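> only geometry, no sequence info:
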């Protein structure tokens, strides 16, 4: 609608609109590139409308205000770059190319036209007074159904019939629950669906994406024991025949215990595959944060990639901004939840390696989803040796850290978010021996994420988990 | 990468820095880690070190931001040490309800930073030329020079409260009072 404003203004004053066509304009809507806030073109659009017209009597639309909030934004981005705040990128909601009539997605609310306001109010009334009650009702029905079926199944003796019936009931319950959000889910590559045992790893954007994943395949969950309603649901789920792992808080502290239980579950092929979100928290679906290590220590891993269409709702839960109930209301008054889910080919851990991190490359935006090229991280034995046999203890994940690409003049770009930034002697030597375009990973850190500007890379990794985000966020690499 | 760097300041200095900037010890340690990455010699950051960052290069106001960063915090305009860096970063800490007016992260100091971005020559006023050059930086060549100067003139006219032809700091504060500028430039991670 920014473009429209510009063109209307130009037409009004009989001037030729000489804006360059936006990139990707001829391609379908899913490929419209986002207007980059700090590109000069964006400001030019804004100023063209103001420059063409007479002075608007309205002070709030004066160029000074446009000027200032843009300057503020640029300033903030600049200082973030200085202080190296990469984490915020993962936590602010994704920007849209054009407004989807939800106030929450418009960065700067402005009164534009009476028509737009009327449309928005109609949408508002519809969402809050038609959709919300219907969805709440569906959710209540789903929970009621789960309670009934779980209690019923709890009384049946263990048998194949029970297993089959419980699977059917679970799938129904979760499908019902996902309807409560009007979720439109498309599952791709069903041949890679998990069958039994193993671990499924998925990226985490909303707390309810568990429901979406479970509507297609039954999983086992792992989590903390809660009290109250959530605890009731947990106990219910355990009753209905599938084995979940619920931890006491005190047990969580004992890492070894957790890993053992996990291992025991995962190796049992008759149990459901374990669903894990290795990022540990909700991310805004434009990039992937690094993984916590414990999850991927054993067995084979089945990656699942989830991508939400941001035009229909903003599924990201910013837990510092909204409470869970508020978040639920937000998501239930959005238009719907449209999600594409890809099942990726399973990854097996090679003998002798500690962890094989996964990597899926490809662009979300070309509609084809990740191309299932899985690159392996080759284990580099000399990093291990050179680190003098020091055990790389799994560290608490600490936010994004950056690796570096080897470029001629900035070999010292390695940045560590927590801890020191000093490059170890050994790694310096590695840098000196590598050539341009290589990506070098420091083996000391157990959790690293890399930022690379080249799309070709060869990673020589040690026992560390890596997630890669390319600079323009068009590639999501786990 | 595994061990924590200790900041090369004495305990007394460290605690007074904590008090002034309202950062916690671990936040200061993170900042120190970042300081080490930016600086070539581990002692000072030069202007050229900062401007090398690629994110700043692509930011149209990159050089101005670096200038503003260096301006208030150090007398010697060329390099800053860790204390000055921490104090400069503290300006962007989000405000709390009980933040006093004299604190480093008060609304006043945040607005001061923005004012310094506009004010190229450091004379405490924004003239038409300075406004014009800022707009030119942000917009590039996509808009006519004539239109741009019109916009700059109008902007200075609108913002000039005491009618002296230029925008001083007080005029600036009044002009932005209707938007919450200080919130716009708070950086969450410094909280």
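Nice, thanks for sending it over. Everything numeric in this text was worked out from a predicted model, so none of it was measured.

> so which residues of chain B form helices?
Using DSSP state H, the helices of chain B run over residues B:11-21, B:25-38, B:47-51, B:54-58, B:62-73, B:82-90, B:107-118, B:128-139, B:145-159, B:169-175, B:181-184.

> any chance of the ones you listed in TSV, with mean pLDDT too?
As requested, these are exported to TSV (pLDDT from 0 to 100):
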stretch	mean pLDDT
helix B:11-21	82
helix B:25-38	79
helix B:47-51	78
helix B:54-58	73
helix B:62-73	78
helix B:82-90	83
helix B:107-118	82
helix B:128-139	80
helix B:145-159	79
helix B:169-175	80
helix B:181-184	71
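
> just how off-centre is stretch B:42-50 within its chain?
Stretch B:42-50 sits 16 Å away from the centroid of its parent chain (Cα atoms, centre = their mean, to the nearest Å).

> what of stretch B:162-181?
The chain centroid and the centroid of stretch B:162-181 are separated by 18 Å under Cα atoms, centre = their mean.

> go on, stretch B:64-84?
For stretch B:64-84, the distance from its own C-alpha centre to the chain's C-alpha centre is 9 Å (Cα atoms, centre = their mean).

> list the buried residues in that stretch.
By neighbour count with 16 or more other Cβ atoms under 10 Å in any protein chain shown, stretch B:64-84 contains the buried residues B:64-71, B:73-74, B:79-84. Just so you know, the C-beta spots here come from the backbone N, C-alpha and C atoms, and that holds for glycine as well.

> what domains does the record give for chain B?
According to automatic domain parsing, chain B is divided into the following domains: B:11-93, B:106-191.

> residue A:113: which of the ones you listed is closest?
domain B:106-191 (22.4 Å; Cβ to Cβ).

> one step back: now render the domains of chain B as JSON lines, adding distance to residue A:316.
Formatted as JSON lines, the domains of chain B follow (distance: least, Cβ to Cβ, whole Å):
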{"stretch": "domain B:11-93", "distance to residue A:316": "23"}
{"stretch": "domain B:106-191", "distance to residue A:316": "15"}
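
> can you put these in CSV and add distance to chain A?
CSV is the format used below for the domains of chain B (distance: least, Cβ to the nearest Cβ, whole Å):
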stretch, distance to chain A
domain B:11-93, 3
domain B:106-191, 3
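
> out of those domains, which comes closest to residue A:218?
Of all the domains of chain B, it is domain B:106-191 that lies closest to residue A:218, at 38.3 Å by Cβ to Cβ.

> chain center to that closest one: distance?
Counting by Cα atoms, centre = their mean, domain B:106-191 is centred 13 Å from the centre of its parent chain.

> grab the nearest non-local neighbour of residue B:68.
Spatial nearest neighbour of residue B:68, excluding adjacent residues (Cβ to Cβ, 6 or more residues apart in numbering or on different chains): residue B:116 at 4.0 Å.

> give me every residue that touches the residue nearest to residue B:39 when sequence neighbours are not counted.
Among residues not flanking residue B:39 along the chain, residue B:45 sits closest, at 4.5 Å (Cβ to Cβ, 6+ apart). Shown in contact with residue B:45 (Cβ atoms under 8 Å, 6 or more residues apart in numbering or on different chains): B:35, B:38, B:39, B:79, B:80, B:81, B:85.

> rewinding a little: now, which of the buried residues of stretch B:64-84 sits nearest residue B:104?
In terms of Cβ to Cβ, no member of those lies closer to residue B:104 than residue B:73, at 10.2 Å.

> against residue A:201, how distant is residue A:187?
16 Å (Cβ to Cβ, to the nearest Å).

> between the two, tell me which one has more neighbours.
Remark: of residue A:187 and residue A:201, residue A:201 carries more neighbours, 23 against 17, as counted by other Cβ atoms under 10 Å in any protein chain shown.

> ok, that one touching residue A:303?
Yes - using Cβ atoms under 8 Å, residue A:201 is in contact with residue A:303, at 5.4 Å.

> surely residue A:275 touches residue A:209?
No - applying Cβ under 8 Å, one finds residue A:275 not in contact with residue A:209, separated by 9.9 Å.

> what residues are shared contacts of the two?
Residues touching both residue A:275 and residue A:209 (Cβ under 8 Å, 6+ apart) are residue A:202.

> mind checking the helices of chain B for the one nearest to residue A:331?
helix B:181-184 (25.4 Å).

> who touches that closest one?
Applying Cβ under 8 Å, 6+ apart, the contact partners of helix B:181-184 are A:68, A:69, A:72, A:73, A:76, B:94, B:95, B:107, B:110, B:111, B:114.

> over to stretch A:170-179?
Under Cβ under 8 Å, 6+ apart, the answer for stretch A:170-179 is A:138-139, A:141-143, A:145-146, A:149, A:185, A:211-212, A:214-216, A:218, A:240, A:242, A:337.

> what about chain A, any weak spots by pLDDT?
A:1-69, A:84-112, A:241-242, A:249-256, A:278-300, A:319-321, A:347-478 (pLDDT under 70).

> in it, which helix is the longest?
Chain A, longest helix under DSSP H: helix A:132-155.

> ok so, going back, out of the contacts of stretch A:170-179, which are buried?
A:138-139, A:142-143, A:146, A:149, A:185, A:211-212, A:214-216, A:218, A:240, A:242, A:337.

> which residues of the stretch 101-250 of chain A fall in helices?
Using DSSP state H, counting those that start in this stretch, the helices found in the stretch 101-250 of chain A span residues A:114-126, A:132-155, A:160-179, A:209-214, A:228-239, A:249-253.

> out of those, flag the one nearest residue B:180.
Checked against Cβ to Cβ, the stretch from the helices of the stretch 101-250 of chain A lying closest is helix A:114-126, at 23.5 Å.

> just want the angle from that closest one to helix A:132-155.
Angle of helix A:114-126 versus helix A:132-155, following axes from the mean of the first three to the mean of the last three Cα atoms, to 10 degrees, is 30 degrees.
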